[in-house]
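In: Have a look at this fold, sequence not included:
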């Protein structure tokens, strides 16, 4: 377990990694997925090109934009041919996940960052993340699946401050990355902050169809099979606007918020169904790699959604502590498990 505070020591480590990168093959590929992002993509590209990490390539894939995004990207590719490469496969994936999967499949570097089109990266994002990655590799080796992720500063369209910490705003505990039982129900990794090594990229592919978002799957695999470093400082200005695919959804842990979530039964049950399908996909695709206690945990989690007996579902949830951060959130989860109606033929 790594918890990097981002102070003077982390900055010294980042400087050492930058120096080493000048003389080695510590190349980082930034995977930028775009779709109708003409309003903000140039600002993001400028922040990527301004990174202080010396060995960095930007691999960009547009998913069929109709607003001039591709023309902007082509200008950057002509201006910076050694640093910007367009992936043109002529296929529209139709989703952010599909776009990133194609970028991951095309990536070749030992280290990969995920990048959204509408954010702005702080100048030392890659170097401080690589410093944390090098620390992970020193402890666990480069063959282990490794992940580094950070906090974000939430801003509005004009980059005015909305909240200094996405983790605090969304009531997330980043240390849950080390707890499989928690990650099954709540992802704490925002993909646009993530840096992963080649071992984690290869483990993540092919990505199951049941997985709704790429970053959730990557984070879950790092929890189950690898190691992660938490960088406790924002490295991204997380821009919120009307076109965000996911965005910084503010989940308040108040009685009023819980009542609202309770009323939205269809949404709650759909999210629970997705969580169950992701857990089943992990068991199906990587069951042979799981430790026995992990397999038992996944089977218990699935039992929370499949048993026809309410009491069995609730007691299994409580026994295995499938909790999220926030008392009221957990009460809402208990209510969901109590009221759901498993399909006939599921486990008894």
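Out: Right, received. Where do you want to start? Bear in mind the structure is a predicted one, so any value in this text is a computation, not a measurement. Residues are numbered from 1 along each chain as shown.

In: Spatially nearest residue to residue 222, not counting backbone neighbours?
Out: Nearest residue to residue 222, sequence neighbours excluded (C-beta to C-beta, 6 or more residues apart in numbering): residue 147, at 3.9 Å. (Glycine included, C-beta is placed from N, CA and C.)

In: quick one: contacts for the nearest residue to residue 124 once chain neighbours are set aside?
Out: Spatial nearest neighbour of residue 124, excluding adjacent residues (C-beta to C-beta, 6+ apart): residue 52 at 5.4 Å. Going by C-beta atoms under 8 Å, 6 or more residues apart in numbering, residue 52 touches 18, 123, 124, 126, 127.

In: Can you tell me which of those comes closest to residue 151?
Out: residue 124 (14.1 Å; C-beta to C-beta).

In: for the closest one, what are its contacts?
Out: Residue 124 makes contact with 11, 14, 51, 52, 53, 235, according to C-beta under 8 Å, 6+ apart.

In: so the fourth one is in which element?
Out: What that stands for is residue 52. Using DSSP states H and E, residue 52 is not contained in any helix or strand.

In: The residue nearest to residue 222: neighbour count?
Out: Using other C-beta atoms under 10 Å, residue 147 is surrounded by 25 other residues.

In: Give me the secondary structure label for the spatially closest residue to residue 155 that is not a sequence neighbour.
Out: Leaving aside its sequence neighbours, residue 155 sits nearest to residue 237 (C-beta to C-beta, 6+ apart; 4.9 Å). Recorded secondary structure, residue 237: strand (DSSP: H, G, I helix; E, B strand; the rest coil).

In: Quick check: residue 237 vs residue 122, distance?
Out: 7 Å (C-beta to C-beta, to the nearest Å).

In: do you know how far residue 207 is from residue 222?
Out: 14 Å.

In: Can you get me a residue count around residue 86?
Out: The burial count for residue 86: 16, using other C-beta under 10 Å.

In: Oops, could you answer that again for residue 66 instead?
Out: Residue 66 - counted by other C-beta under 10 Å - has 9 other residues nearby.

In: sec struct for it, please.
Out: Residue 66, by the three-state scheme (three-state DSSP), is coil.
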